[in-house]
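Q: Any chance you can model this:
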Amino acid sequence: MDAMKLTEYSHAGGCGCKIDPSALAQILEKVPKQWGQSSKLLVGIESSDDAAVMEINEHESLVFSSDFSTPIVDDPYTYGCISAANALSDIYAMGADPLMATAIVGFPVNKLPMESMQEIMRGAVEVCQEGGIPLAGGHSIDNPQPVFGLSVIGMAHTRFIKTNSGAKVGDVLILTKPLGIGILASAIKAGTIRPSAYKKFIRHITQLNKPGSWLGKQAEVHALTDVTGFGLAGHLMEMAKGARVRMEIDTTVVPVMEEAWALVEEGVVPSGAYRNMHSYGDSLLFEDEWNIDHQLVFTDPQTNGGLLMAVTPEKAEMYLEKLREFGFAETAVIGQVTAQRGTDAPVVFNK
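A: Okay, the predicted model is just below:
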């Protein structure tokens, strides 16, 4: 069989295939919220968090999420690794420990060889093993576009659950991975990425966000999320609106894969970056004179992007050191949390 490349089946790969934020808001607007009235459901659909949380006893809560995406790379094994790491990240981003996962599979059985699906599953199983959990079955359909991901259940002590809305005025913001995943993915699909950049891309996109489980147990971490399809700007906006604060970002210290800057100037930008920028509108402010291409780096959709947290400033240096020990060498303080200013934009990018 003369099979096509995996990425040729998808118009956007990884978390770049998400429904845009404004459309998603319209969808959820009419969804009944009565589920959130359950005394046992602690986190539902109301807060745009990474996973749902339900209390199961006096001290413990279950954390549950489903995450799947279209191919972002052509190698099936790597695609499986990326999708699994991205799904596990939702659990880590709530400060929880994953317990088990099941697979979500859509596969064009008459167009791609079965070996491709076997390799996707192999990659996912190995990532789950790295996370210390079993991949225990799943559900599959014959689908014209490949999709793959996981439903994951985790657990945490209820008082250690972290949401994206707990930031406090005076906190500093820490990001653990560099931006640019979506931009480099566009270069992969166009066949223009350099081998050194591809190697860097794979290292970041497959790295498990395991420190999230540890961060959940730290009292000085007030808010936690991961940066995915809505880009850094979108997740900052969710954090700001949830906590009713303002996020001020120093773009000169935000970690960005250096290849991303050149690629955006060449016009190699995922459609999701434009989609995000359009959706956020007046919620973002880029102070001073800004190159529009450079703005798109901050709305670039990430897949299995870094953990983003708001922490007590006195403990920031300790967290930076610990996260680097975990293997997140480019972890950096990227900004601060300040008070709201009337109707001003909740997210400001300075340079």
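
Q: Enumerate every residue touching the closest residue to D288 other than its chain neighbours.
A: Ranked by C-beta to C-beta, 6 or more residues apart in numbering and with sequence neighbours excluded, the top spatial neighbour of D288 is K351, at 6.3 Å. Placement of C-beta: from N, CA and C, glycine included. K351 makes contact with 250-252, 287-288, 290 under the criterion C-beta atoms under 8 Å, 6 or more residues apart in numbering.

Q: Over to G306?
A: 175-178, 209, 226-227, 255, 328, 331.

Q: Torsion angles phi and psi at it?
A: Dihedral angles of G306 (phi, psi; degrees, to the nearest 10) stand at phi -80, psi 170.

Q: okay, it: pLDDT?
A: What the model reports as pLDDT for G306 is 97.

Q: do you know how far it is from T206?
A: 13 Å (C-beta to C-beta, to the nearest Å).

Q: shared neighbours, these two?
A: Between them, G306 and T206 share no contacting residue, judged by C-beta under 8 Å, 6+ apart.

Q: does N86 sit in a helix, a strand or a coil?
A: Put simply, N86 is helix when judged by DSSP: H, G, I helix; E, B strand; the rest coil.

Q: Tell me the pLDDT of it.
A: Here, the pLDDT recorded for N86 equals 96.

Q: for this structure, which spans come out with low pLDDT?
A: Along the chain, the model assigns pLDDT under 70 to residues 1-4, 9-38.

Q: how about a cut-off of 90?
A: 1-51, 69, 108-114, 144-145, 189-191, 279, 281-282, 287-293, 341-344, 351 (pLDDT under 90).

Q: picking up where we left off before, restricted to strands, list the contacts of G306.
A: Applying DSSP state E to the contacts of G306, the entries found in strands are 175, 226.

Q: burial of E119, as a residue count?
A: Neighbour count for E119, taken as other C-beta atoms under 10 Å: 17.

Q: Run a quick check on it versus Y77, I expect a contact.
A: Yes: here E119 reaches Y77: they are 4.3 Å apart, a contact under C-beta atoms under 8 Å.

Q: Show me where the stretch 101-250 of the chain has its helices.
A: In the stretch 101-250 of the chain, the helices defined using DSSP state H, counting those that start in this stretch lie at 114-130, 181-190, 195-205, 211-215, 231-243.

Q: In this structure A93 contacts N304, no?
A: No: A93 is beyond contact range of N304, at 10.7 Å (criterion: C-beta under 8 Å).

Q: Overlap in contacts, those two.
A: With C-beta under 8 Å, 6+ apart, A93 and N304 have common neighbours 209, 226.

Q: Looking at the helices of the stretch 101-250 of the chain, which is nearest to V152?
A: Nearest to V152, of all those, is helix 114-130, at 8.9 Å by C-beta to C-beta.

Q: Outline the domain layout of the protein.
A: 6-160, 172-350 (automatic domain parsing).

Q: Turn those into CSV, including distance to G166.
A: Converted to CSV, those look like this (distance: least, C-beta to C-beta, whole Å):
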stretch, distance to G166
domain 6-160, 10
domain 172-350, 4
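
Q: on that earlier part again, make JSON lines out of the helices of the stretch 101-250 of the chain and add distance to T338.
A: Shown next, in JSON lines, are the helices of the stretch 101-250 of the chain (distance: least, C-beta to C-beta, whole Å):
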{"stretch": "helix 114-130", "distance to T338": "38"}
{"stretch": "helix 181-190", "distance to T338": "28"}
{"stretch": "helix 195-205", "distance to T338": "29"}
{"stretch": "helix 211-215", "distance to T338": "22"}
{"stretch": "helix 231-243", "distance to T338": "10"}
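
Q: Could you point out which of those sits nearest V73?
A: helix 181-190 (6.2 Å).

Q: which helices and strands does the closest one pack with?
A: On a contact count with 3 or more C-beta pairs under 8 Å, 6 or more residues apart in numbering; DSSP states H and E, helix 181-190 meets helix 195-205, helix 258-265, helix 271-280.

Q: Off-centre distance for it?
A: Relative to its chain's centre, helix 181-190 lies at 16 Å (C-alpha atoms, centre = their mean, to the nearest Å).

Q: Now for S196, how many residues are close by?
A: By the criterion of other C-beta under 10 Å, S196 has 9 neighbours.

Q: One more: D344?
A: 10.

Q: wait, doesn't it sit right on M247?
A: No: assessed by C-beta under 8 Å, D344 is found out of contact with M247, at 11.6 Å.

Q: quick one on the thing from earlier: now distance to F298 too, for the helices and strands packed on helix 181-190, in JSON lines please.
A: As requested, the helices and strands packed on helix 181-190 are exported to JSON lines (distance: least, C-beta to C-beta, whole Å):
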{"stretch": "helix 195-205", "distance to F298": "17"}
{"stretch": "helix 258-265", "distance to F298": "11"}
{"stretch": "helix 271-280", "distance to F298": "9"}
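
Q: Mind checking which of the contacts of K351 are buried?
A: For the contacts of K351, a neighbour count by 16 or more other C-beta atoms under 10 Å gives the buried set as T251.

Q: can you put the contacts of K351 in CSV and add secondary structure and distance to Q336?
A: CSV is the format used below for the contacts of K351 (DSSP: H, G, I helix; E, B strand; the rest coil; distance: C-beta to C-beta, whole Å):
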residue, secondary structure, distance to Q336
D250, strand, 8
T251, coil, 13
T252, coil, 14
E287, coil, 15
D288, coil, 18
W290, coil, 20
